[in-house]
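Engineer: Sequence first, then the predicted structure, then my questions.
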Amino acid sequence: MSVDLSNGRFDVYAGRGPLERWVGRIDHDEFVRDAAGGLIYRTDGDEFYDMKGTYVGEIEKVEENFMVVSRGPSGVTCLFVIRPE
C-alpha cells in the first residue's frame, strides 16, 4: 500500500508516540522539517529516507497514525511515529 503524506500536516516523533521527542513536521509535501525549517527526512510512498538518501525504514499505517519501522534479525523496531496535526 502506498502512503501519501503530502496532503496534510503531520508531526513526527522519535520512538513510539507524542510522549517522545518531537522531531519535526511534514507540511503538505514529502519532507520532514525541524523547528528551524531545515530538511531532515524525506518520504517516498511508504519509504522513509534521511537527506543523504539512506533508507531509514518503512511507513505503515496504524489506525489514524503512521509508524516508521525497521525490520532486522531481532524483529521490528518503531523508529518514528507520524501523527496528523
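Structural biologist: Right, received. Where do you want to start? Everything numeric here is computed off the predicted structure, so don't read it as measured data.
Engineer: Would you give the sheet partners of the top strand by length along the chain, along with the direction of each?
Structural biologist: In the chain, taking DSSP state E as the definition, the longest strand is strand 75-84. Here strand 75-84 has these sheet partners by DSSP bridges: strand 9-14 (antiparallel), strand 65-72 (antiparallel).
Engineer: For it, buried residues please.
Structural biologist: For strand 75-84, burial by neighbour count (16 or more other Cβ atoms under 10 Å) applies to C78, L79, F80, V81, I82. In short, each C-beta sits where N, CA and C put it, glycine included.
Engineer: Excluding chain neighbours, give the residue nearest to the last one in space.
Structural biologist: What that stands for is I82. Ranked by Cβ to Cβ, 6 or more residues apart in numbering and with sequence neighbours excluded, the top spatial neighbour of I82 is F66, at 4.1 Å.
Engineer: Residues in contact with the longest strand of the chain: which ones?
Structural biologist: 5, 8-18, 20, 23, 26, 48, 56-57, 59, 64-71 (Cβ atoms under 8 Å, 6 or more residues apart in numbering).
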